[in-house]
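Asker: My questions concern the predicted model and sequence given below.
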Amino acid sequence: MPKKAKNAPAKKSAKAARSSAFDLPIAPVIRIAKNNGAKRLSKDGTRAIVARTEKYIAYIARIASNAAASEGRKTLRAEDIEKC
């Protein structure tokens, strides 16, 4: 009679570790915060920084997209971002 294989523990999904729909990686955000004076960050604090950062990126992308569209382009360029 063959031995029954042990069930491996279920792995957590990568999505579960993310804080929002945009999926901005958390580790670089923590690293940037620590490199700029934060000694420690709570989980809620990290989530708040990630959420605020995602909103800022979305805002910049909207403005840059409008700038590119006004020039008849779909591709964002560095100068579009600099206009923000």
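Answerer: Arrived safely.
Asker: Give me the contacts around stretch 36-43.
Answerer: 30, 33-34, 49 (CB atoms under 8 Å, 6 or more residues apart in numbering). To be clear about C-beta, it is placed using only N, CA and C from the backbone, and glycine gets the same treatment.
Asker: give me that answer again for 10 Å
Answerer: Residues outside stretch 36-43 that contact it (CB atoms under 10 Å, 6 or more residues apart in numbering): 19, 26, 29-30, 32-34, 45-49.
Asker: Spatially central residue for this protein, please.
Answerer: The centre of the chain sits closest to residue 24, judged by CA atoms, centre = their mean, with a distance of 1.1 Å.
Asker: any idea how far that residue lies from residue 47?
Answerer: Distance from residue 24 to residue 47, counting by CB to CB, to the nearest Å: 10 Å.
Asker: separation between residue 23 and residue 76?
Answerer: Distance, residue 23 to residue 76, using CB to CB: 20 Å.
Asker: which residues sit in contact with residue 34?
Answerer: By CB under 10 Å, 6+ apart, the contact list for residue 34 reads 40-41.
Asker: How far does the helix or strand where it lies sit from its chain's centre?
Answerer: If you go by DSSP states H and E, residue 34 is part of helix 26-35. From the chain centre to the centre of helix 26-35 is a distance of 11 Å (CA atoms, centre = their mean, to the nearest Å).
Asker: buried sites along that helix?
Answerer: 26, 29-30, 33 (16 or more other CB atoms under 10 Å).
Asker: again, but for stretch 42-62
Answerer: So for stretch 42-62, counting by 16+ other CB under 10 Å, buried means 46-47, 49-50, 53-54.
Asker: quick check: angle from the lengthiest helix in the chain to helix 26-35?
Answerer: The residue-count maximum for a helix in the chain (DSSP state H) belongs to helix 43-70. Between the axes of helix 43-70 and helix 26-35, defined by axes from the mean of the first three to the mean of the last three CA atoms, to 10 degrees, the angle is 100 degrees.
Asker: outside of the next helix or strand after helix 43-70, which residues touch it?
Answerer: Reading on from helix 43-70 to the C-terminus, the next helix or strand found by DSSP H and E is helix 78-82. Residues outside helix 78-82 that contact it (CB under 10 Å, 6+ apart): 60-61, 63-71, 73.
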